[in-house]
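Novice: I would like the atomic coordinates for the input below:
(one chain, ligands or ions: 2)
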Amino acid sequence: MGLLQLLKSQFLCHLLIGYVFLVSGLIVNLLQLCTLPLWLVSKQLARRVNIRLAYSVLEWWSGTECTLYTDPKSYPLYGKENAIVVLNHSFEIDFLCGWTFCERFGVLGSSKVLAKKELAYVPVIGWMWYFLEIVFCKRKWEEDRRTVAQSLQNLRDYPENYWFLLHCEGTRLTPKKHQISMQVAESKGLPKLKYHLLPRTKGFGITVQNLRGAAAAVYDSTLNFRNNEAPTLLGIINGKKYHADLYVRRIPLEVIPEDEAGCAAWLHKLYQEKDSFQEHYTQTGRFPGPIVSPPRRPWPLINWLFWSCLLLYPLGLLLVRLISSGSVLTILASVALCSAASLGVRWMIGQTETDRGSSYGNKEGPLNN
Ligand SMILES: CC/C=C\C/C=C\C/C=C\C/C=C\C/C=C\C/C=C\CCC(=O)SCCNC(=O)CCNC(=O)[C@H](O)C(C)(C)COP(=O)(O)OP(=O)(O)OC[C@H]1O[C@@H](n2cnc3c(N)ncnc32)[C@H](O)[C@@H]1OP(=O)(O)O
Ligand SMILES: CCCCCCCCCCCCCCCC(=O)OC[C@@H](O)COP(=O)(O)O
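Specialist: Ligands and ions are numbered 1, 2, ... in the order given. Okay, here's the model as predicted:
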């Protein structure tokens with residue numbers, strides 16, 4: 001274990017990182033709130049300010065290495081156009097890998113996702129997403145068909161390039177969800193998938209329909225981790241290194257059928273292809289095609305140094321004052337506050353854990369929702 005990894009695994013280090021993450025995030029949330037009047041004056045300027053504010057929270061502490069497999073001809077277009085990203089949903093840190101790639105291609109602050117509504121209430125990240133015009137769904141089509149379409153329409157004049165992420169499986173893969181979704185596949189006469197849940201086609205259909213002309217392509221993205229790892233956020237916080245491999249194919253939006261049934265059939269075929277890429281990965285330890293290496297940028301490090309210096313210095317001063325005050329009551333109150341904050345951060349980490357995930361796709365029944 002290297003010195004940096006040893007440091008990362010220490011409890012005190014977790015407390016300090018948790019403190020910097022939480023306080024910097026809340027400051028950014030507050031600044032975002034202050035941009036509300038700006039929306040009335042200039043919507044596009046308010047959007048640009050929020051993109052930059054979000055950037056400084058999203059790119060944070062991750063030691064995950066990511067390798068990109070893709071066609072070198074498509075590579076120069078990444079980050080230079082709007083795109084719909086279709087990504088498998090098997091790992092607890094899918095979102096971190098997504099952020100890492102967004103950062104490398106300069107679209108971290110502007111990128112979007114079709115996210116479950118419950119995430120809107122997660123402090124810092126969920127609150128920030130509200131200002132970033134993230135599209136939320138209740139996974140209840142009767143309600144989502146109208147609200148999701150409206151939110152997508154709002155993105156048509158977005159002032160900066162973005163990726164719109166869709167986890168078409170709708171929930172993270174578990175053995176039970178997989179078994180149930182394969183029953184649905186069988187009942188629909190569709191081939192079984194080994195590594196994916198059956199994709200939900202309605203969200204994809206409505207996204208393509210509403211972003212046609214605004215997004216140039218679908219980036220079919222398939223993620224896996226080396227050595228059969230099942231990475232967790234807690235693992236990362238404890239300094240564990242994971243290595244992600246991502247296979248991306250750029251598919252021009254024009255090739256996707258315009259009618260609902262054709263579009264759904266196209267997506268099912270895409271997932272059958274994704275399944276074969278995962279099989280290839282399992283057999284050979286790599287995805288097909290050449291590797292390209294997006295360069296690391298200095299901004300994440302500069303960003304972290306900025307927030308750490310800004311927030312750790314006053315914390316140090318406060319601690320010295322607290323101890324020298326000698327007041328048992330003040331010290332107890334401070335310990336209680338720190339405990340509450342660390343429980344809050346632990347709850348947020350819990351939101352990323354598949355074991356604590358939703359029951360969506362878990363119930364047997366006519367609709368299996
Ligand atoms: C160069 C590098 C490139 C790429 C880099 C990679 C990524 C970076 C990109 C962007 C990053 C940006 C941000 C990322 C940050 C964070 C991400 C965090 C995570 C949030 C993600 C989530 O919250 S996922 C959960 C929410 N999202 C979704 O659910 C999307 C998919 N779902 C849908 O599309 C749904 O259709 C819906 C939500 C719109 C509506 O759901 P509902 O359940 O109401 O309706 P459905 O149509 O889905 O259900 C009825 C139909 O489904 C059939 N059915 C029933 N049971 C099942 C079952 N178990 N499995 C499959 N199908 C089932 C049923 O029969 C019905 O069928 P029909 O034939 O009638 O359609
Ligand atoms: C050391 C301190 C570090 C503190 C870090 C706290 C970080 C909290 C980040 C919260 C971001 C939450 C994003 C989670 C995205 C996610 O993966 O959602 C799952 C959904 O797709 C599907 O849900 P489900 O149906 O339950 O599988």
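
Novice: and for the residue of the stretch 101-250 of the chain found nearest ligand 1, the neighbour number?
Specialist: As assessed by CB to the nearest ligand atom, ligand 1 sits closest to residue 203 within the stretch 101-250 of the chain, at 1.9 Å. In short, each C-beta sits where N, CA and C put it, glycine included. Number of residues near residue 203 (other CB atoms under 10 Å) recorded here: 22.

Novice: hmm, it is touching residue 148, no?
Specialist: Yes - if you go by CB atoms under 8 Å, residue 203 and residue 148 touch, sitting 6.9 Å apart.

Novice: what touches both of the two?
Specialist: The contact sets of residue 203 and residue 148 overlap at 114, 137 (CB atoms under 8 Å, 6 or more residues apart in numbering).

Novice: flag every residue of the chain that's near ligand 2.
Specialist: Taking CB under 6 Å from any ligand atom as the criterion, the chain approaches ligand 2 at residues 14, 17-18, 21, 95, 116, 119, 122, 125, 167, 171-172, 237, 345, 348-349, 351-352, 357-358, 360.

Novice: near ligand 1 too, which of these?
Specialist: Counting by CB under 6 Å from any ligand atom, the members of the residues of the chain next to ligand 2 near ligand 1 are 95, 116, 119, 167.

Novice: okay, and which of the residues of the chain next to ligand 2 map to strands?
Specialist: Judged by DSSP state E, the subset of those located in strands is residue 116.

Novice: just the buried ones out of the residues of the chain next to ligand 2, please.
Specialist: Using 16 or more other CB atoms under 10 Å as the burial test, the residues of the chain next to ligand 2 include 14, 17-18, 21, 95, 116, 125, 167, 171-172, 237, 345, 348-349, 351-352, 357 as buried.

Novice: quick check: closest non-adjacent residue to the residue nearest the centre of the chain.
Specialist: Closest residue to the average C-alpha location of the chain: residue 95 at 2.7 Å, with CA atoms, centre = their mean. The shortest distance from residue 95 to any non-neighbouring residue, by CB to CB, 6 or more residues apart in numbering, is to residue 352 (7.3 Å).

Novice: try residue 272
Specialist: residue 191 (5.9 Å).

Novice: can you classify that neighbour as helix, strand or coil?
Specialist: coil (DSSP: H, G, I helix; E, B strand; the rest coil).

Novice: surely it and residue 271 touch.
Specialist: No - using CB under 8 Å, residue 191 makes no contact with residue 271, being 9.5 Å away.

Novice: more neighbours, the two?
Specialist: The neighbour comparison of residue 191 against residue 271 (other CB under 10 Å) goes to residue 271, with 25 against 13.

Novice: what helices or strands is whichever strand or helix holds that one leaning on?
Specialist: In the assignment (DSSP states H and E), residue 271 maps to helix 260-284. If contacts are counted by 3 or more CB pairs under 8 Å, 6 or more residues apart in numbering; DSSP states H and E, helix 260-284 sits against helix 201-211, strand 217-225, strand 243-252.

Novice: and if we set it to 6 Å?
Specialist: Under the contact criterion of 3 or more CB pairs under 6 Å, 6 or more residues apart in numbering; DSSP states H and E, helix 260-284 touches helix 201-211, strand 217-225.

Novice: mind putting these into TSV with mean pLDDT and distance to residue 303?
Specialist: Shown next, in TSV, are the helices and strands packed on helix 260-284 (pLDDT from 0 to 100; distance: least, CB to CB, whole Å):
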stretch	mean pLDDT	distance to residue 303
helix 201-211	98	30
strand 217-225	98	24
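
Novice: any low-confidence regions in this protein?
Specialist: By pLDDT under 70, the weakly predicted segments of the chain are 1-9, 57-63, 364-369.

Novice: the residue most distant from the middle of it, which is it?
Specialist: Distance to centre of the chain, CA atoms, centre = their mean, peaks at residue 326 (44.5 Å).

Novice: related to what we said a few turns ago, just the ones next to ligand 1 among the residues of the chain next to ligand 2: which are in helices?
Specialist: Judged by DSSP state H, those include residue 95 as members of helices.

Novice: if we can go back for a sec, separation between the residue nearest to residue 95 and residue 217?
Specialist: 29 Å (CB to CB, to the nearest Å).

Novice: before we move on, what about residue 338?
Specialist: Taken as CB to CB, the span from residue 338 to residue 217 is 47 Å.

Novice: looking at those two, which is more packed in?
Specialist: residue 217 (21 against 13).

Novice: for ligand 2, what is the nearest residue in the protein?
Specialist: residue 357 (2.9 Å).

Novice: spatially nearest residue to that residue, not counting backbone neighbours?
Specialist: Closest to residue 357 by CB to CB, 6+ apart is residue 172, at 5.6 Å.

Novice: swap in residue 294?
Specialist: residue 104 (3.9 Å).

Novice: next, that neighbour: phi, psi?
Specialist: Dihedral pair for residue 104: phi -60, psi -30, per degrees, to the nearest 10.

Novice: can you get me a residue count around it?
Specialist: Residue 104 has 19 nearby residues by other CB under 10 Å.

Novice: just how off-centre is whatever helix or strand residue 316 lives in within its chain?
Specialist: Assigned by DSSP H and E, residue 316 belongs to helix 299-325. Mean C-alpha position of helix 299-325 versus that of the full chain (CA atoms, centre = their mean, to the nearest Å) differs by 28 Å.
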